[in-house]
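Enquirer: got a sequence here, can you model it:
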Amino acid sequence: MQIEKKDIRALSKEQLRDFFVANGDQAFRGNQVYEWLWSKGAHSFEDMTNVAKSTRAMLEANFVINHIKVDTMQRSTDGTVKNAVRLHDGLIVESVLIPTNTRTTACVSSQVGCSLDCNFCATARLKRMRNLNPDEIYDQVIAIDKESRLYYNHPLSNIVFMGMGEPLMNYPNVMKAIEKITSPEGLGMSPKRITVSTSGVSKMIMKMADDEVKFKLAVSLHSAIEEVRNEIMPFTKSFPLTELREALQYWYKKTKSKITYEYVVWKGINDSKEAIDALVKFCKHVPCKVNLIEYNPIDDGEFQQASPEVIDNYIRALEQNDIVAKVRRSRGKDIDAACGQLANKEG
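Expert: Predicted coordinates for the structure are as follows:
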C-alpha cells in the first residue's frame, strides 16, 4: 500500500531543519528549501536549482508540493482579472485582481464554498466543502502578485479576505497565511495593507483583538436593524447586533484600528429612512467608515440594486454625522468577477 506523501509546506522551518539533520544532512539545508518554498514560490523540487540532485530526489521521495493551479483566467474590460483556482484535490475557488489608478488589490478566498447562509451571496449556495490550507491562501496571493507585475508593472499593493468563505471560520489557517504573507521570508507585505472581512462572528473578532493582529478589519453589515439583518443573513441570529457592537468596541479599545462597514443597499430591503437612521446610530458606537457597495444581482430574485437616490440619501446622512462614506462601484461585470458577492470592491 502506497503511503500518501505529506505536503512539505505544512512543515515549519525548524521541522525542515530537523528533517535534514535526521537524514544525515546539515540543518542549513532546511533554510535553503524553506526559502525556495516561500520566498521563491517553487512549484516543484526540480525548481530548487542550488540544491543537489540527490537531495531533491530525497525530497521527492518523502514529500509533495500541493501547489494551486490557475485553471482559467478572465480579464474584464475594466482591467479586473478573475482566477478560477484549482486545488490539489480538484476543488475550485476564485480569486480576483482589482486594479485602480494607484494600486492593485487581491481578493482571496479562505474556504471552498461557505459555512454561512447569506441569502444574497452566490458562494452561500455552495455548501462548505473544506477550509483552505495556509499555503493555498498564500498561493492565491502569489499568483495575483505575478499578474499585477505582468499587466500593471508593479507588485501587488493590497490584499482583502473577501472571497469565498468566512475567514474567521478558518481562523488558524488564515492567521498562518497572513504570517507568511507579512514575513520577510515570504512576501514581506505590511499587515496594514491587509483587510480581513467578516460577516460578524463576534467571539472571533474579540479573539483577533486579544491576539493583537495588525491588519485591518471589515464587517459585512448590510443592516443595523436586527430583524432585517437576520432575514438577509440568517446565521446572524447567533451573533446579535448588541454582541457585535460590544465585540467591535473591544476591538477598537485593544487595537485603536477603525472598522470598515461593508454595506450593500437593496431595493425594498434596506432603502428606507429607518434603515439609514439605524446605520448612522450603529456607526456612532465605534470609529469607522462605510463602504456602500453596488450590488451584482445573482438572479432575478428579491435582491436588486437600490436607486442612486437612495445611495445619495445614505451618503448625505452619514456625512452629516461626520462618518466617512464611499460608494464602491461593481468591478468586472462582464466576467461576473464576484468573489463571494463582495469582490466588486476596490480594496
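Enquirer: secondary structure class for Thr195?
Expert: strand (DSSP: H, G, I helix; E, B strand; the rest coil).
Enquirer: Arg328 versus the closest residue in space to it that isn't next to it in sequence, what's the distance?
Expert: Nearest residue to Thr195, sequence neighbours excluded (Cβ to Cβ, 6 or more residues apart in numbering): Lys216, at 4.3 Å. Every C-beta, even on glycine, is put in place using the N, C-alpha and C of the backbone. Lys216 is 15 Å from Arg328, where distance means Cβ to Cβ, to the nearest Å.
Enquirer: run through the protein and note the low-pLDDT ranges.
Expert: For the chain, applying pLDDT under 70 flags the ranges 1-3, 115-128, 297-301, 329-347.
Enquirer: in it, which spans are helices?
Expert: For the chain, applying DSSP state H gives helices covering 13-22, 28-38, 53-62, 134-152, 171-182, 202-210, 226-232, 241-255, 273-283, 308-320.
Enquirer: roughly how far does the residue nearest to Thr195 sit from Val112?
Expert: Distance, Lys216 to Val112, using Cβ to Cβ: 25 Å.
Enquirer: show me what contacts the residue nearest to Thr195?
Expert: 192, 194-196, 257-258, 260 (Cβ atoms under 8 Å, 6 or more residues apart in numbering).
Enquirer: now distance to Glu179 too, for those, in CSV please.
Expert: Shown next, in CSV, are these (distance: Cβ to Cβ, whole Å):
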residue, distance to Glu179
Lys192, 15
Ile194, 11
Thr195, 16
Val196, 13
Ser257, 18
Lys258, 23
Thr260, 22
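Enquirer: now, of the residues you listed, which are buried?
Expert: 194-196, 257, 260 (16 or more other Cβ atoms under 10 Å).
Enquirer: of the residues you listed, closest to Asn50?
Expert: Ile194 (31.2 Å; Cβ to Cβ).
Enquirer: what's the local residue count around the residue nearest to that closest one when sequence neighbours are not counted?
Expert: Nearest residue to Ile194, sequence neighbours excluded (Cβ to Cβ, 6+ apart): Phe215, at 4.1 Å. Phe215: 22 surrounding residues under other Cβ atoms under 10 Å.
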